[in-house]
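> generate a structure from the sequence data that follows.
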Amino acid sequence: MQRTIPYVFALLAGLMLAPEASAQRIAFVNTKYILDQMPEYETAQKELDRLSKQWQEEIDERHLQIGRMREAFNAEAILLTEEMKRSRLEEIDRKEREARDMQKKRFGPEGDLFKKRQGADPTDPGPRV
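Numbers count the residues shown, from 1 in each chain. Reported below is the predicted structural model:
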(Lines give C-alpha, C1' and ligand atoms only; values in the text may rest on other atoms or scores of the structure.)
Protein backbone atom coordinates (compact mmCIF):
# COMPACT_ATOMS: atom_id res chain seq x y z
CA MET A 1 0.00 0.00 0.00
CA GLN A 2 2.77 2.43 0.90
CA ARG A 3 4.49 1.74 -2.42
CA THR A 4 1.40 2.70 -4.42
CA ILE A 5 0.80 6.07 -2.71
CA PRO A 6 3.65 7.87 -4.55
CA TYR A 7 2.41 6.44 -7.84
CA VAL A 8 -1.11 7.66 -7.14
CA PHE A 9 0.16 11.17 -6.34
CA ALA A 10 2.29 11.21 -9.49
CA LEU A 11 -0.68 10.08 -11.58
CA LEU A 12 -2.94 12.76 -10.06
CA ALA A 13 -0.30 15.47 -10.60
CA GLY A 14 0.13 14.38 -14.21
CA LEU A 15 -3.62 14.48 -14.82
CA MET A 16 -3.89 17.93 -13.25
CA LEU A 17 -1.03 19.37 -15.34
CA ALA A 18 -2.04 17.77 -18.65
CA PRO A 19 -4.53 20.51 -19.71
CA GLU A 20 -1.97 23.26 -19.03
CA ALA A 21 0.70 21.48 -21.04
CA SER A 22 -1.56 21.01 -24.03
CA ALA A 23 -2.67 24.66 -23.94
CA GLN A 24 0.77 25.90 -24.95
CA ARG A 25 1.29 26.24 -28.66
CA ILE A 26 4.57 27.09 -30.30
CA ALA A 27 4.83 28.27 -33.88
CA PHE A 28 7.65 29.29 -36.18
CA VAL A 29 7.13 32.03 -38.74
CA ASN A 30 9.70 32.33 -41.50
CA THR A 31 9.70 36.12 -41.84
CA LYS A 32 12.56 36.04 -44.34
CA TYR A 33 10.44 33.99 -46.74
CA ILE A 34 7.49 36.33 -46.26
CA LEU A 35 9.61 39.44 -46.80
CA ASP A 36 11.23 37.91 -49.89
CA GLN A 37 7.75 37.59 -51.38
CA MET A 38 7.08 41.32 -50.91
CA PRO A 39 8.56 43.44 -53.74
CA GLU A 40 7.88 46.63 -51.74
CA TYR A 41 10.19 45.42 -48.97
CA GLU A 42 12.98 44.68 -51.44
CA THR A 43 12.57 48.14 -53.01
CA ALA A 44 12.65 49.80 -49.59
CA GLN A 45 15.73 47.77 -48.62
CA LYS A 46 17.57 48.82 -51.79
CA GLU A 47 16.69 52.46 -51.12
CA LEU A 48 18.02 52.19 -47.56
CA ASP A 49 21.23 50.61 -48.83
CA ARG A 50 21.65 53.41 -51.39
CA LEU A 51 21.11 56.09 -48.72
CA SER A 52 23.49 54.35 -46.34
CA LYS A 53 26.20 54.19 -49.00
CA GLN A 54 25.68 57.84 -49.94
CA TRP A 55 25.90 58.98 -46.32
CA GLN A 56 29.01 56.87 -45.71
CA GLU A 57 30.67 58.41 -48.78
CA GLU A 58 29.91 61.91 -47.46
CA ILE A 59 31.45 61.04 -44.10
CA ASP A 60 34.50 59.44 -45.75
CA GLU A 61 34.98 62.57 -47.87
CA ARG A 62 34.94 64.71 -44.72
CA HIS A 63 37.57 62.48 -43.11
CA LEU A 64 39.75 62.75 -46.21
CA GLN A 65 39.40 66.54 -46.14
CA ILE A 66 40.39 66.59 -42.47
CA GLY A 67 43.42 64.42 -43.27
CA ARG A 68 44.49 66.82 -46.03
CA MET A 69 44.04 69.79 -43.68
CA ARG A 70 46.16 68.08 -41.02
CA GLU A 71 48.90 67.25 -43.56
CA ALA A 72 48.94 70.84 -44.83
CA PHE A 73 49.12 72.12 -41.27
CA ASN A 74 52.04 69.83 -40.43
CA ALA A 75 53.87 70.90 -43.58
CA GLU A 76 53.37 74.63 -42.90
CA ALA A 77 53.58 74.58 -39.09
CA ILE A 78 57.13 75.93 -38.89
CA LEU A 79 56.17 78.94 -41.03
CA LEU A 80 53.01 79.86 -39.08
CA THR A 81 52.67 82.18 -36.13
CA GLU A 82 51.22 80.85 -32.88
CA GLU A 83 47.93 82.60 -33.61
CA MET A 84 47.70 81.01 -37.06
CA LYS A 85 48.59 77.57 -35.64
CA ARG A 86 45.88 77.88 -33.00
CA SER A 87 43.36 79.03 -35.60
CA ARG A 88 44.11 76.13 -37.96
CA LEU A 89 44.03 73.56 -35.16
CA GLU A 90 40.67 74.91 -34.01
CA GLU A 91 39.39 74.63 -37.58
CA ILE A 92 40.61 71.01 -37.82
CA ASP A 93 39.03 70.17 -34.45
CA ARG A 94 35.75 71.78 -35.53
CA LYS A 95 35.72 69.75 -38.76
CA GLU A 96 36.41 66.54 -36.80
CA ARG A 97 33.51 67.29 -34.44
CA GLU A 98 31.23 67.95 -37.40
CA ALA A 99 32.23 64.62 -38.98
CA ARG A 100 31.58 62.74 -35.72
CA ASP A 101 28.24 64.51 -35.29
CA MET A 102 27.23 63.69 -38.84
CA GLN A 103 28.16 60.04 -38.38
CA LYS A 104 26.16 59.89 -35.16
CA LYS A 105 23.21 61.66 -36.80
CA ARG A 106 23.18 59.26 -39.75
CA PHE A 107 24.25 55.94 -38.19
CA GLY A 108 23.80 56.34 -34.43
CA PRO A 109 21.25 54.50 -32.27
CA GLU A 110 18.72 57.29 -32.84
CA GLY A 111 20.07 58.18 -36.27
CA ASP A 112 18.40 58.62 -39.61
CA LEU A 113 19.22 55.12 -40.86
CA PHE A 114 17.82 53.49 -37.71
CA LYS A 115 14.58 55.46 -38.01
CA LYS A 116 14.21 54.68 -41.71
CA ARG A 117 14.88 50.97 -41.13
CA GLN A 118 12.21 50.87 -38.44
CA GLY A 119 9.71 52.47 -40.79
CA ALA A 120 10.53 50.00 -43.57
CA ASP A 121 10.39 46.82 -41.47
CA PRO A 122 6.85 45.37 -41.50
CA THR A 123 7.78 42.80 -38.84
CA ASP A 124 8.63 45.52 -36.32
CA PRO A 125 5.77 45.77 -33.81
CA GLY A 126 6.39 49.48 -33.30
CA PRO A 127 7.64 51.49 -30.36
CA ARG A 128 7.94 49.69 -27.06
CA VAL A 129 6.44 51.51 -24.12
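
> so where's this protein uncertain?
Within the chain, the stretches with pLDDT under 70 are 1-2, 14-15, 17-24, 120-129.

> can you tell me how far Met16 sits from Met84?
Applying CB to CB, to the nearest Å, the value for Met16 to Met84 is 86 Å. For every residue, glycine as well, the C-beta is placed using N, CA and C.

> kindly apply the preceding question to Glu61 instead.
Glu61 is 26 Å from Met84, where distance means CB to CB.

> what's the answer for Tyr41, then?
From Tyr41 to Met84 the distance is 54 Å (CB to CB).

> compare neighbour counts for these two and give me the winner.
More crowded of Tyr41 and Met84, by other CB atoms under 10 Å: Tyr41, with 16 against 13.

> make sure the more buried one is actually in contact with Thr31.
No. Under the criterion of CB atoms under 8 Å, Tyr41 makes no contact with Thr31, lying 10.2 Å away.

> in this structure, where's the longest helix?
In the chain, with assignment by DSSP state H, the single longest helix is helix 39-76.

> so after that helix, what's the next helix or strand?
Next in sequence after helix 39-76, counting helices and strands by DSSP states H and E, comes helix 82-107.
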